[in-house]
Structure formats: C-alpha cells, structure tokens
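>>> Need a 3D model of the sequence below.
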Amino acid sequence: MKDIFSWHHLEYTVPVSGGTRRLLDDVSGYVAPGKLTALMGESGAGKTTLLNVLAQRTSSGVVTGDRFVNGQLLPADFQAQTGYCQQMDTHLPTNTVREALLFSARMRQSKSIPDAQKEAYVEQCLKMCGLEAYGDAIVGSLGVEHRKRTTIGVELAAKPRLLLFLDEPTSGLDSQSAWAIMSFLRDLADNGLSILCTIHQPSAELFQVFDRLLLLRKGGQTVYHGNIGHNSSQLIGYFERNGAAQCGELENPAEYILTAIGAGATANSTTDWHDTWQRSNEAAQLEKEIQEIYTEGRNRPPVETNLQHEFSTPWLYQVSQLFKRDCQAHWRDPTYLLAKILLNIVAGLFIGFTFFKAKDSMQGTQNKLFAIFMSTIVSVPLANQLQVPFISMRDIYEIRERPSRMYSWSALITAQILAEVPWNMLGSSLYFLCWFWTVGFPSDRGGYTYLMFAIINPMYYTTIGQAVAAMSPNTEIAALLFSFLFSFVITFNGVLQPFRQLGWWQWMYRLSPYTYLIEGLLGQAIGKRDITCSSVELVQLNPPSGQTCSQYLTPYMNAAGGYITNPDATSGCEFCSFRTTDQFLSASFNIEYSHHWRNFGFMFAFIAFNVSAIYFLTWFFRIRTESLIGWIKRRVARRA
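Here you go, the predicted structure:
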C-alpha cells in the first residue's frame, strides 16, 4: 500500500474586523496515489485556501481538524516531502531551465545523495517534463507553457514522495498548451504520484483527464468528493439523483455541476447542496474509506522524517550554491552591470575633469576637498541600484523557495552580500583610476585612498543600501527611505556645514559615517602638504612704521598659522592665511591627518553594524511572524 494523505473535519478561520471569518467548514477527504484529483468551486469557495492549508503554507488564522499520512501524524518534514506548484511561475529569470531544476535538486534532496546522481535525475525530469530541447534556454525567455512545465519540473526535481499540489496549472494557457500540461500530469499520476490541483472551469476534454473531484461552494463547504467516472457518469448521476437538471449530451460536465450548485454567473439553485452532501450515501462512503485508510495505515510504521534538521543541506553549502546563483544572475544581467560600471566611469571622469589638476593653492585645496565630497555622493544612485536585485531575489525566496524549505533566509542574505560587494569594488576601482590622478592627487597617497574609497566605501554603501531594502516592502519604498536617511549622512559630515557651525546638530556630525570617510580620504590625500597661495588669495597689508612684515606678523602666525611671501618688506606685506594643508583642513573642517587609521576603524565598525542590521531587519520585518508560528506548531506537535 502506498502512502495516502487525508484530512478530516478540517476548518480554517481568520481574524477580521469585529470577529472571525470561517474560510473552510468541515472539509474531509483524501488524495489517492496514482490518481489525479481536481479541486473545483466558484470564485471565493476556498480552493487555493484549502490547498495552502493542506500544504501547511498558511501564516495566519486558526486551523482545526486532522491531517494525516496513513492515518498518522504528518512527518516533521512534510513540506520537504511534497511539491507545491503555484499559479504564478516565479523563477529567477536569468537561470537556464536545467540550472533551475538542478538548484532545486541540490537544495532539497538529501545531502547524502551524490551530485552526479542528482544531475542524472534532473536530466530525467527534463525528459518527463518535455523540456529536453529547452534545457539550456533562459527561463525568462520561455513561453507560458514551458514556464509552467519548468515550475512543475522544479518541484519534481526535489523528489516529492508523498504528494504534488498544483494551483491552477492551466491558468493563462491556450487550449493546446493546457491539454499538454494536463496530459503531462496524467502521466505523472499514472506513474504512482498523488496529485491534487485546483482548476477553474476546465473544458470537457480536460475534465476527463481527472479521476476524482473535490467540489466546494462559497464558505469552504463540501458539495461533492468522490470519483468522476467514465464520461463523468458517476458525478453527473449524483447530481441528477439529488434534484439537478438533466445534463445534456454535449454539455460540459464541469460547467454543468457549477451551474447546478448555483456557482455560475447567472445560475441560481434552491437546493442546499452542502446539506445534501452531508446526508448522502457518497459522504458516508467517503467517511468509511477514510476510516479504512486510518485503520490500515496505523498498522504500518509511520512515514519517516527524512530531515533531522530544518533543511536538507548544511548552511555553508546553501551559501555556496546561492552565491554561485547570485553571481550568475549578475553576470547574465548586462543592463545592471553596465549601468553600475558606466556610472562609475562617467562620474569619475566628470568629477575628475571638473577639478582637473587642482593646484596646491587654497582654492585648489578646496577643489580637491569637493572632488572627494562629490565622489561620495555617487554612492547614493549606486546603493539605490543594488536594492532592485536584492528585493527581487528576496521576493523569489518568499513566494516559492521559503515555503518549500529550500534554504535558510540567513544563507540568502549572506550570499547576496558576498555577491554584490565585489562588483561594487570593481566599479569603485574604475572610478578611482578615472578620478584620482585626473584631479591631481599625489601618487604616494594613492594606497590608503584606494583602500578607503574602492574597498571600504563600496562595502559601506552596499550594506547600508541592503539594510534599508531589508525593511522595505518594495524597491520604490526602499529608494525613498534610502534617499531620506542618506541625506543626513551627506549633510552632516562637516563639508557642507562645517563642524563648528552645526550647533545642536553636532551629534549628527559624530554619527555620520561619512564624517570619518571624508576625513580619512582628505587627511591622507592632501594632508602634510604646503599651500602656495595664488596672487588673488594673498592679503595685502602694511606693518607699523619701523617694522618689517615678518616682525609685525610673526606673533599672529605663531598663533594662527600662515606665511608671508615678502618677510623683509616694510610695506605691502603679502600674507597667505595658511602655510600647510593641515592648518587649512583643521581650522576650516576639523580634519586631522593623524586620524586616518582611526577613521578606517570607525568605517569598519559602521560596516559591521550595517551587516548586523541587514540580518536583524530581515528577521524583524520578513521572518519573525512565520518563525513564531513555526515555533508554536512544533510545540503543539511535540505535545501531541
């Protein structure tokens, strides 16, 4: 006897304003091995709801009743032993069909199975799904039918041993494609797989492919559950015996039963078909069959839990596979990479030539300062850009991969960070090459500047961008939040508004990461150098009678700095306010050359904080609720 999945007196209620609402009402049934079972009903009858409840994919509400395999409690890894094909074909569009199936096999089959065996099974799945000719095709380029076949293939690659759930597998398909999909499902069922799928008003030809039917009406109440029979004879006979109109020879049985129960657009029924079902011999026979399944199944050992942990594979293996997939996704998205690289190159050349070969005068030193400040602003569009693939990958995880227990959310976050940072480092390195010598920074200061700008800076804006994306529902909100939050980082770093003029906002100066990034870059790049004032920057003044310029201004220069171009003159003193760049940076912008390694440490601390924030915010906004529900379910299962 093969394993049989059944449910008994299943009810599902969800909280609504002012109380609760029952979506499923006392639904019982089973899915027979080797049989193709249709789940039908009008819109709002609870078809997809029942499918999600049976597949343990609900995250809210209260489920009561029993769900068994062979009359015994579900194994702890029930979700891992079943497949679920959603109505939306959610895939990474840059993967090939073979890669999508192989990823599913590697992540969901047992780690004890060799990779060679998994690869051979994937080839078998491609053949079963009729995708041999499309194995190397990019998923994003497939038509609707072959995308649906890929969705089914991804679930088959996981080797579901108990059951395959499908939600509207023919949705959006033309008649020929729908027939091809249903014929494929028929073949799977004939090979012994238990299949339960929702379907909405199939054609007569498609309806004949099914063996059994579970029909629901609004309120999640059972109207019929049993065999369909040859040419739908058993199903039609049930409705005709209980007062429905005669079914015409050319009439579609699927439309006939929906009309009979009053589910059509213009249909109306005075019969309470749920009450009729409860009092029928067919309902009593179903109850008898379920009890027989329980009796026979409980004489057998329970279905073993294959997974002793939550996932099939170790965490480090998950990270390695996800990292590989993310790197491939970036490489196969030339628009994303070219936008990143071209933005860095164009911005580097634009800012570099804007301040081309800045001199060592006061104005030239200030130009170098703004060349660095403007370079840090480029991180804003770069951070906004990287939020798009971050959220897109998270959506795929939440919609399909998380309910299938493919891998840990922390492995996904780790892989996304590791895959994104190198590309941003490459972009910043190209920026550095286009900008550093164009502005005229000295070559002997290039090492530390490269470290801070092309390594530390990309790590910072990557992680802060992903941290904001982690708490955002979509890319639009992420862009708005990031722009708002980053405006404080840009505004209060001491360049636009010098530290001594900030007043109450000085605490933001200390809190802004770019305070330390810009101080490190500026202090190292232009610190410890002499300033040579241009003629327009020299202050003209006359000393008192009998004194030279040097005698008159030396006390002031000892206190405030600066130098005189004509110290021995007795009139027309030419005074420059700053002798060194250190005096200029310290007096005007509170920047010290000696702080460069301290600033490196502070930036590293900010990066570590951002990385922690990515994990925490992802857990808090996206994982927390389901983790709590999962914990409660495990506690209840242990007590049972």
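>>> ok, Gly523 - contacts?
Contacts for Gly523 (Cβ atoms under 8 Å, 6 or more residues apart in numbering) come out as 585, 591-596, 599. (C-beta placed from N, C-alpha, C; glycine too.)
>>> Can you pull the phi/psi pair for Lys359?
Torsion angles at Lys359 (phi, psi; degrees, to the nearest 10) stand at phi -80, psi -180.
>>> do the same with Asp25
Per degrees, to the nearest 10, the backbone of Asp25 is at phi -130, psi 100.
>>> residue contacts, it?
By Cβ under 8 Å, 6+ apart, the contact set of Asp25 is 11, 219-221.
>>> what's the answer for Met603, then?
By Cβ under 8 Å, 6+ apart, Met603 lies in contact with 452, 456-457, 460, 513, 516-517, 520.
>>> just to revisit the earlier point, closest to Trp179 out of the contacts of Gly523?
Asn599 (67.0 Å; Cβ to Cβ).
>>> isn't the closest one right next to Tyr514, touching?
No: under the criterion of Cβ atoms under 8 Å, Asn599 is not in contact with Tyr514, lying 10.4 Å apart.
>>> how near is the residue most central in space within the chain to Ala478?
For the chain, the residue nearest the mean C-alpha position is Arg394 (0.6 Å; Cα atoms, centre = their mean). Between Arg394 and Ala478 the computed distance is 11 Å (Cβ to Cβ, to the nearest Å).
>>> quick one: common contacting residues for the two?
With Cβ under 8 Å, 6+ apart as the test, Arg394 and Ala478 both reach Ala469.
>>> roughly how far apart are the residue sitting furthest away from the middle of the chain and Met557?
Most distant residue from the mean C-alpha position of the chain: Gly546, 78.3 Å away (Cα atoms, centre = their mean). Going from Gly546 to Met557 by Cβ to Cβ gives 19 Å.
>>> ranges for the strands of the chain?
Ranges of strands in the chain, per DSSP state E, are 5-16, 19-31, 36-41, 62-69, 72-73, 82-85, 163-167, 195-198, 212-217, 221-227, 539-541, 563-564, 573-576.
>>> picking that back up, give me the buried entries from the contacts of Asp25.
11, 220-221 (16 or more other Cβ atoms under 10 Å).
>>> quick one, domains of this protein?
What automatic domain parsing lists as the domains of the chain is 5-244+271-297, 315-530+585-635, 535-577.
>>> which residues does Pro403 contact?
Going by Cβ under 8 Å, 6+ apart, Pro403 touches 55, 57, 79, 84.
>>> ok, so of those, who is nearest Leu156?
After measuring the contacts of Pro403 against Leu156 - Cβ to Cβ - the closest member comes out as Tyr84, at 11.8 Å.
>>> and that closest one, how many neighbours?
Using other Cβ atoms under 10 Å, Tyr84 has 22 neighbouring residues.
>>> residues in contact with it?
For Tyr84, the contact set (Cβ under 8 Å, 6+ apart) comprises 51, 55, 57, 155, 164-167, 403-404.
>>> Using a markdown table, please lay out the residues you listed together with pLDDT and distance to Leu185.
Formatted as a markdown table, those follow (pLDDT from 0 to 100; distance: Cβ to Cβ, whole Å):
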| residue | pLDDT | distance to Leu185 |
| --- | --- | --- |
| Leu51 | 92 | 15 |
| Ala55 | 89 | 17 |
| Arg57 | 86 | 20 |
| Glu155 | 90 | 12 |
| Leu164 | 90 | 8 |
| Phe165 | 91 | 12 |
| Leu166 | 91 | 7 |
| Asp167 | 90 | 13 |
| Pro403 | 85 | 21 |
| Ser404 | 84 | 19 |
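>>> quick one on the thing from earlier: I'd like the domains of the chain laid out as a markdown table, including distance to Ala260.
Conversion of the domains of the chain to a markdown table gives the following (distance: least, Cβ to Cβ, whole Å):
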| stretch | distance to Ala260 |
| --- | --- |
| domain 5-244+271-297 | 4 |
| domain 315-530+585-635 | 35 |
| domain 535-577 | 94 |
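>>> Going along the chain, name the helices of the stretch 1-150 of the chain.
Along the stretch 1-150 of the chain, the segments classed as helices by DSSP state H, counting those that start in this stretch run 47-54, 97-108, 115-128, 144-156.
>>> Just to check, Phe441 is in contact with Ile526?
Yes: judged on Cβ under 8 Å, Phe441 makes contact with Ile526 at a distance of 7.2 Å.
>>> what sits in contact with each of these two?
In contact with both Phe441 and Ile526: Lys368, using Cβ under 8 Å, 6+ apart.
>>> Tell me which of the two has more neighbours.
Between Phe441 and Ile526, Ile526 has the larger neighbour count (other Cβ under 10 Å), namely 29 against 21.
>>> Quick check: the more buried one vs Cys85, distance?
Using Cβ to Cβ, one gets 61 Å for the distance from Ile526 to Cys85.
>>> cool, and Gly219?
The gap separating Gly219 from Cys85 is 26 Å, by Cβ to Cβ.
>>> now do Lys218
Distance of Lys218 to Cys85, given as Cβ to Cβ: 25 Å.
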